[in-house]
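S.K.: When you get a sec, could you give me coordinates for this:
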Amino acid sequence: MRGTVVIECFPESAARYREGHAIVAIDVVRATTTAIIAVAAGRRCFPVPTVAAAHDLAGRLDRPLLAGEQGGAVPPGFDLNNSPVEILAHPEAGRPVVLLSTSGTRLCHEAAKGGAVFLACLRNHVPTARRLAGRFPRVAVIGAGSRGEFREEDQLCCAWVAEALVGLGYAPKDARTAALIERWHGVPADAWTGGRSADYLRRSGQTEDLDYVLGHVADLDAAFALRDGEVVLDGPGSLALAGAARARLEAADA
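M.R.: Sure, this is the predicted structure:
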C-alpha cells in the first residue's frame, strides 16, 4: 500500500494527526530553523509553548539560554531572540537552549502529545523525507502559521517535504495537498520573500536572519526528531554530524 502525505497549518491542527501519523513541524521564520541550527551546532534544544514553561524548564537545566519571542518581542528575562544568527554567535557554545516562539514551538508542543514528531526547515527538507519514507505510512506536514495565516515560507517548505515524499512513493492525501505541491514545485528558494514574514524581518532590522535562511538551503544532510521535549539528531548522518558538533564545542571551550 502506498503511503499518504497531507499538508496542514497551525498548532491546533496537530491534534488531528497525533494518532496514526508522523508529524513534521515546520516554522521557517524561525523556530524550526533556529532549533535545527542549535542542535547541528552541538547544543541541546528544548522547544516550549509558553513563557511560564520556559522559565520552569530553565530552572531544571544547567545554565540554559532562554531564546525566543512572543508576538515579535523578546520576553523579559530572556537572553536571546528566536534567531539562528544569535544562537550561532553566542560565545558559550555548550549551554542548552530553551526555545520559545509565538507559533512554531507551540506546534512542536502540540504535536509531541502524540507519536513521532520531526522538525524540518529549508536546510533539511529532503533528508527529513528520506528518513520518514518507508517507516511511516501516513505523514502530516504542518506549518506553524502566524497571525492566522499560512505563511508562504512554510507553504514552500511543507510542499517541498511533501513533494520529496511523493517522489519516494507517497500519494497526496487530498486535493489541497496536491495543489500546494504543484504551486511550489520548481520555484526558487527565495520565492516567499515578498511575503509578510520576510517583510517583518526587514522592518525590524533582522535581515541577518533572513540572509541566513536564504543562504542555507538544502545544505544539511540530517533529520531531527522531537523526543521527550528535546530536539535530537535522528537517523543516518547523525553520528557524523554529532561528532563534528562535539569537535566545535570542544574547540570553543578550549
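
S.K.: Identify the residue nearest the geometric centre of this protein.
M.R.: Closest to where the C-alpha atoms of the chain average out (CA atoms, centre = their mean) is T32, at 2.0 Å.

S.K.: And that one, which helix or strand is it part of?
M.R.: Secondary structure assigned from DSSP states H and E places T32 in helix 31-40.

S.K.: That helix packs against which elements?
M.R.: strand 45-48, helix 84-89, strand 97-100, helix 104-111, strand 117-120, strand 223-227, strand 230-234, helix 238-253 (3 or more CB pairs under 8 Å, 6 or more residues apart in numbering; DSSP states H and E). Bear in mind the C-beta positions are built from the backbone N, C-alpha and C, glycine included.

S.K.: Pretty sure the residue nearest to the centre of the chain sits against L119.
M.R.: Yes: counting by CB atoms under 8 Å, L119 is a contact partner of T32 at 4.6 Å.

S.K.: list residues touching both of the two?
M.R.: By CB atoms under 8 Å, 6 or more residues apart in numbering, T32 and L119 have these common neighbours: A25, I26, C108.

S.K.: Columns distance to D219, neighbour count and pLDDT on top of those residues, output as TSV?
M.R.: TSV is the format used below for the shared contacts of T32 and L119 (distance: CB to CB, whole Å; neighbours: other CB atoms under 10 Å; pLDDT from 0 to 100):
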residue	distance to D219	neighbour count	pLDDT
A25	20	32	98
I26	17	31	98
C108	22	30	98
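
S.K.: Of these, which is the nearest to R151?
M.R.: I26 (10.0 Å; CB to CB).

S.K.: For the closest one, which residues are in contact?
M.R.: For I26, the contact set (CB under 8 Å, 6+ apart) comprises T32, L119, A120, C121, V141, I142, G143, A144, D154, C157, C158, V161.

S.K.: Identify all residues paired with it through a beta bridge.
M.R.: With DSSP bridges as the criterion, I26 is bridged to A120, G143.

S.K.: Kindly provide the distance from it to A144.
M.R.: Using CB to CB, to the nearest Å, one gets 7 Å for the distance from I26 to A144.

S.K.: And A129, by the same measure?
M.R.: Counting by CB to CB, the gap from A129 to A144 is 19 Å.

S.K.: One more: R2?
M.R.: 28 Å.

S.K.: Just want to know which of the two has more residues nearby.
M.R.: Set R2 next to A144 and count neighbours by other CB atoms under 10 Å: A144 wins out with 27 against 8.

S.K.: now the contacts of I26: which count as buried?
M.R.: T32, L119, A120, C121, V141, I142, G143, A144, D154, C157, C158, V161 (16 or more other CB atoms under 10 Å).

S.K.: Just to check, the second one is in contact with V28?
M.R.: So that's L119. No: counting by CB under 8 Å, L119 stays clear of V28, with 11.0 Å between them.

S.K.: where are the low-confidence patches of this protein?
M.R.: In the predicted model, the chain carries pLDDT under 70 at residues 1, 237-254.
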